[in-house]
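[1] Provide a 3D model corresponding to the input given below.
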Amino acid sequence: MERRAFLRASGAAGLAPLSISSTASRAVAATDGQGAYEPLGSLAITGAAEAVAGDDGETAYVAATTGLVTVDVSDPAEPALLAEERDVEIGGSPLTQILDVSVDGDRLVVAGPANPGFGVAGVRLYDVSDPADPVSIADFETDYHIHNCVLEGDRLYVVANTRSENPLVIFDVGGDEIAQLGYWSLLEREPGWGEIDMLARYLHDVSVRDETAYLPHWNAGTYLVDVSDPTDPAYVTHVADTTLEEQRAIADWRTAVYGLPGNDHYAAVDDTGGLVAVGREAWATGADEPDRPGGIDLYDVSDPTDPVERGRIDPPRTTDESYRAGLWTTSHNFELRGERLYSSWYRAGVKIHDVSDPENPKRLAWWRDPAETAFWTARVLSPGETFLASSTEAIPDTSLEGALYTFPIEAGEQADPPSVRDPESWRGAANGTNETTDTGGGMPNDTGGQRGENDDSIPGFTGVAGLAGGAVALEWLRRRRENVQD
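    Numbers count the residues shown, from 1 in each chain. Below you'll find the model as predicted:
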């Protein structure tokens, strides 16, 4: 396995607010008796973005752009609305662009706006001991937009991006007030990244397990930080797909931000803490190789001083892989649980992989409906039984509807799956979907996606489409780049 650039311990979606409509259930066929892999159920949710599962395995919480939605999923075949809060405020002002939610026990946090230029910014803390009646406890206003956060016990970890810096900020949310405890800054550790466009070092997300924070810093790489002392976080190790020197040599920031290499968008760790998955949200840009959507890379970090890349799950391929005109098949959010990886791929659907041998990930299930869905996340609901996935309408130039889906945790194949390599075969079923361009080239059977399968690449693929915009994660740059806070 080729080892990429590492820094070791010894080394130095601007989305306009979506329209609000009533939430209604939508029937989806359950897995049939023939063993075809299908969703168990779904619930339409306007503005759906991130979704997480409650500790009880019976409740889902959905960030819904203009608010928060709680869902009863005790019967996965019949998800039911519990509560819908569309009037979230920070300091008396409306909070918009709520694309992230995090829950731990009886406490839940929503944060926003995901991008700058959308009014007041901050977090709101809720008591969700009764999921049908979330009770607001406290709020905290920030002077930076909040793209993502995670709640772990009494600690809230927030990504804090401005033009000048991109720190992780840690808060105490154990009482009735929210108080800042400490922070960790990439630029304090490696000042050279301050010379690079801020989006190329953007701290996109954060996950925490066993007092270690996993920080995907876009092209700077994914950093593991010890947060056992929240007032003084400490660097542990770092994995990266590119280097600072390579970034300095790039003249076009759009290529650096939208296309590979780099694009560390989301990171998660397995139950042992030894395997880290790094998702790379990227599109084809017409630049040098690799010119393809981003997938998920698997790293062995059992020895923090010597992390090693073990394997990769490549994205499904399609005829046009650009941001503006293409079919989105890049990796988005996911979860590692019990040697299984549950992942979302926007229009390419959701997947389950066996990663017990990370050098040879094995796909167990894949379901997609690109005419109707663009999956944002995949999260375990009941271990060994079900997982949930949110589908978003936050895709450029489409008229998709947001929804929460439930899926069985089992191996299986979808009956007559829609093609992701040939959107023309199902476009008539969609209303307002992206226009794509068939650029020719050898097109393999679209039944796989990970390295080692016979269709993990497209021989002779030569599609070139210019980017008209940026990733959902960084869409605000395209329209509001001059308005980023200092």
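[2] Every contact and neighbour count from this point should use C-alpha atoms.
    Will do.
[3] how close does residue 141 sit to residue 208?
    23 Å (CA to CA, to the nearest Å).
[4] Counting neighbours, go ahead and name the busier of these two.
    Legend: neighbour count by other CA atoms under 10 Å for residue 141 and residue 208, higher for residue 208 (21 against 17).
[5] what is the nearest residue to residue 152 once chain neighbours are set aside paired to in the beta sheet?
    Nearest residue to residue 152 in three dimensions, chain neighbours excluded: residue 104, at 6.2 Å (CA to CA, 6 or more residues apart in numbering). Per DSSP bridges, the residues bridged to residue 104 are residue 107.
[6] List the residues that contact residue 104.
    Counting by CA atoms under 8 Å, 6 or more residues apart in numbering, residue 104 touches 54, 55, 151, 152, 153.
[7] Next: residue 259.
    Going by CA under 8 Å, 6+ apart, residue 259 touches 282, 283, 284, 285, 287, 291, 292, 293.
[8] Over to residue 58?
    Counted by CA under 8 Å, 6+ apart, residue 58 has contacts 72, 73, 74, 75, 381.
[9] Buried among these? Need that as a selection in ChimeraX.
    Applying 16 or more other CA atoms under 10 Å to the contacts of residue 58 leaves a buried subset, and the ChimeraX line that selects it is:
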select :72,73,74,381
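[10] So which of the contacts of residue 58 sit within helices?
    Residues of those located in helices (DSSP state H): none.
[11] Which members of the contacts of residue 58 occur in strands, if any?
    72, 381 (DSSP state E).
[12] which SS class is residue 247?
    At residue 247 the chain is in helix, as set by DSSP: H, G, I helix; E, B strand; the rest coil.
[13] Which stretches in the stretch 351-486 of the chain count as strands?
    In the stretch 351-486 of the chain, the strands defined using DSSP state E, counting those that start in this stretch lie at 362-367, 375-382, 386-391, 403-408.
[14] before we move on, what about the stretch 151-300 of the chain?
    155-159, 168-172, 179-184, 207-209, 212-216, 222-226, 234-239, 264-269, 275-280, 296-300.
[15] follow-up on the earlier one: could I get the contacts of residue 259 as CSV with pLDDT?
    Compiled in CSV, the contacts of residue 259 are given as follows (pLDDT from 0 to 100):
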residue, pLDDT
282, 97
283, 96
284, 95
285, 92
287, 84
291, 93
292, 94
293, 96
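[16] so which of those residues would you say is closest to residue 369?
    Residue 369 lies nearest to residue 293 out of the contacts of residue 259, by CA to CA, at 18.6 Å.
[17] check contacts around the nearest residue to that closest one once chain neighbours are set aside.
    Leaving aside its chain neighbours, residue 293 sits nearest to residue 283 (4.4 Å; criterion: CA to CA, 6+ apart). The contact partners of residue 283, taken as CA under 8 Å, 6+ apart, are 258, 259, 260, 291, 292, 293, 294, 321, 322, 323, 328, 330.
[18] Surely residue 109 is in contact with residue 88?
    No. Counting by CA atoms under 8 Å, residue 88 is not a contact partner of residue 109; they are 11.2 Å apart.
[19] and for the two, which residues touch both?
    Both residue 109 and residue 88 are in contact with residue 124, where contact means CA under 8 Å, 6+ apart.
[20] And the helices in the stretch 51-200 of the chain?
    Per DSSP state H, counting those that start in this stretch, the stretch 51-200 of the chain carries helices over the ranges 186-189.
[21] Looking at residue 109 and residue 88, which is more packed in?
    Remark: of residue 109 and residue 88, residue 109 carries more neighbours, 25 against 19, as counted by other CA under 10 Å.
[22] As TSV, the strands of the stretch 351-486 of the chain with mean pLDDT would be great.
    Formatted as TSV, the strands of the stretch 351-486 of the chain follow (pLDDT from 0 to 100):
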stretch	mean pLDDT
strand 362-367	98
strand 375-382	98
strand 386-391	98
strand 403-408	98
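[23] and of these, who's closest to residue 161?
    Checking those against residue 161 by CA to CA gives strand 375-382 as the closest, at 21.5 Å.
[24] on that earlier part again, pull out the buried residues from the contacts of residue 259.
    Buried among those (16+ other CA under 10 Å): 282, 283, 284, 285, 291, 292, 293.
[25] Now do the helices in the stretch 251-400 of the chain.
    Using DSSP H, counting those that start in this stretch, helices in the stretch 251-400 of the chain cover 253-258.
[26] wait, isn't residue 339 in contact with residue 361?
    No. Counting by CA under 8 Å, residue 339 sits too far from residue 361 to count as a contact (10.1 Å).
[27] Need the overlap of contacts for these two.
    354, 355.
[28] Which of these two has more residues huddled nearby?
    Per other CA under 10 Å, whichever of residue 339 and residue 361 has more neighbours is residue 361, with 22 against 16.
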